[in-house]
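S.K.: Based on what follows, work out the 3D shape:
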Amino acid sequence: MKRKRKIPLVVISDVHLGTYGCQAKELLQYLKSIQPKTLVLNGDIIDMWSFSKRYFPVAHMEVLRYIIKMSNLGTRVIYITGNHDEALRKYSDFILGNLELVDKLVLDLDGKKTWIFHGDVFDSSTKGYAKILAKLGGKGYDLLILINSFINWILVALGKEKRSFSKMVKDSVKKAVSFVSNFETTAAEIAIQKKYSYVVCGHIHKPQMKEVINEHGKVLYLNSGDWVENLTALEYKKEKWKIYHYKKSDYLSSENKEDMIINDIVAKILS
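M.R.: Next up, the predicted model:
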C-alpha cells in the first residue's frame, strides 16, 4: 500500500454528488491517497438542484463518509457553499468538531492572505428567473453527461482513455470562453483591491492558475476545476500551489499497469 501524501492544504470543488456526471470513484481514490491538514470543499459538492432519491449511488455516499472520516482523524474540513448546494447557506458558520460550514473563507498561508469562495456571486444565471432557466439547461447538460458516460464505458472496454465531450463543447463555444475570461478577471481585480495574494474559486469547471497584474497590484488566481469533466484539485505545499490532475494509471498496481499498456498497444493495432 502506498504511503499517503501529506499536504497542508487541498481544495476541491464542483463534485456534484447525486448526478450522473460525478466521478465519485475517482475522487475517493484521490482522497484516500492524501493526508491534508486542511481540506476545503469549495462549493457544489452535493448537487441539490438535481438531487433525486432515485439516484445516489453507493460510491457517492462513500465520498461523504470518507470526508467525515478524514475530519474525525484530524483533518480540518471546511465546506464552502456554492449555488448547487445553496440550501446549506442558512446553516452557515456552523461548526462541529473539525467540520465547518461557511459561505467564504480567508486564510493566512505563510503570511499571504488567501481569499476562497465558490464564485457563483459573479454569475447572473444563478439568480431569479435566470436560475430557473439554468436549472432547465442543467437537465440537458445531465443528458449530455449520461451519453458521455456510455461512450466512455465503450472507450474503456476498448482500452482507450475516457474523453469529456461536454468539456469539448464548452471549450468551443465563444460565449462560454468569454464568460470564463470575464469571471477570472473580475475575481482577480476584486482580490487585488482587497490586497489578497491568492484568490481561489470553483464554479466554472475550469482548472486554472495564473498571475493577474493591473495598475493596482497583482494576485495569483486559482480555480480548482471539478470532478465531472476535469478531475482536478488544488494542492498547497511548501509555499507553492499546483493543480492536481487525476490519472487512473497512478492508482493501478504494477501488474495492472502492464495489462493496461498491452491493451493499449492491441487497441492501437486494431484501430
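S.K.: Check the chain and tell me which residue is nearest its centre.
M.R.: Per C-alpha atoms, centre = their mean, the C-alpha nearest to the average position across the chain is that of D226, at 2.7 Å.
S.K.: Quick one: classify the closest residue to that residue other than its chain neighbours as helix, strand or coil.
M.R.: Leaving aside its sequence neighbours, D226 sits nearest to D14 (C-beta to C-beta, 6 or more residues apart in numbering; 3.6 Å). No exception for glycine: its C-beta is placed from N, CA and C like everyone else's. Three-state assignment for D14 (DSSP: H, G, I helix; E, B strand; the rest coil): coil.
S.K.: Correct me if wrong: D14 contacts T232.
M.R.: No - if you go by C-beta atoms under 8 Å, D14 and T232 don't touch, sitting 9.5 Å apart.
S.K.: Return every residue with contacts to both of those two.
M.R.: Both D14 and T232 are contacted by 224-226, under the criterion C-beta atoms under 8 Å, 6 or more residues apart in numbering.
S.K.: And the contacts of stretch 66-81?
M.R.: So stretch 66-81 is in contact with 28, 31-32, 35-43, 45, 88-89, 92, 97-105, 116-118, going by C-beta under 8 Å, 6+ apart.
S.K.: how long is it from one end to the other?
M.R.: Start and end residues of stretch 66-81 are separated by 19 Å (C-alpha to C-alpha, to the nearest Å).
S.K.: follow-up on the earlier one: which among the contacts of stretch 66-81 count as buried?
M.R.: Neighbour counting with 16 or more other C-beta atoms under 10 Å marks 28, 31, 35-36, 38-43, 45, 88, 98-103, 105, 116-118 as buried within the contacts of stretch 66-81.
S.K.: Tell me where this structure is predicted with low confidence.
M.R.: Low-confidence segments of the chain, defined by pLDDT under 70, span residues 1, 52-53, 123-147, 149-153, 155-156, 161, 163-180, 253-271.
S.K.: Please enumerate the helices of it.
M.R.: 24-32, 58-72, 128-157, 165-172, 174-193, 254-270 (DSSP state H).
S.K.: Sort out which residues of the second one are buried, please.
M.R.: The neighbour-count criterion (16+ other C-beta under 10 Å) identifies 60, 62-63, 67, 70-71 as the buried residues of helix 58-72.
S.K.: farthest-separated two in those residues?
M.R.: Maximum pairwise distance among these (C-beta to C-beta): 17.9 Å, between H60 and S71.
S.K.: With adjacent residues omitted, what lies nearest to L41?
M.R.: Nearest residue to L41 in three dimensions, chain neighbours excluded: Y79, at 4.6 Å (C-beta to C-beta, 6+ apart).
S.K.: Which residues does the one you found form beta bridges with?
M.R.: L41, L101 (DSSP bridges).
S.K.: how many neighbours does it have?
M.R.: Close neighbours of Y79, defined as other C-beta atoms under 10 Å, add up to 23.
S.K.: where's it relative to K247, distance?
M.R.: Distance of Y79 to K247, given as C-beta to C-beta, to the nearest Å: 27 Å.
S.K.: same check, this time on A59
M.R.: To K247, A59 is 19 Å away according to C-beta to C-beta.
S.K.: How about Y20?
M.R.: Taken as C-beta to C-beta, the span from Y20 to K247 is 22 Å.
S.K.: Show me which of these two is the more surrounded one.
M.R.: Y20 (18 against 11).
S.K.: That one contacts Y55, correct?
M.R.: Yes - when contacts are counted by C-beta under 8 Å, Y20 is listed as touching Y55 (7.2 Å).
S.K.: Out of the shared contacts of D14 and T232, flag the one nearest to I192.
M.R.: For these, the residue nearest I192 by C-beta to C-beta is S224; the value is 20.2 Å.
S.K.: which residues does the closest one contact?
M.R.: S224 makes contact with 11-14, 42, 200-202, 207, 232-234, according to C-beta under 8 Å, 6+ apart.
S.K.: Pull up the gap between it and L99, please.
M.R.: 19 Å.
S.K.: Check M70 too.
M.R.: To L99, M70 is 10 Å away according to C-beta to C-beta.
S.K.: got it, and A191?
M.R.: Distance, A191 to L99, by C-beta to C-beta: 27 Å.
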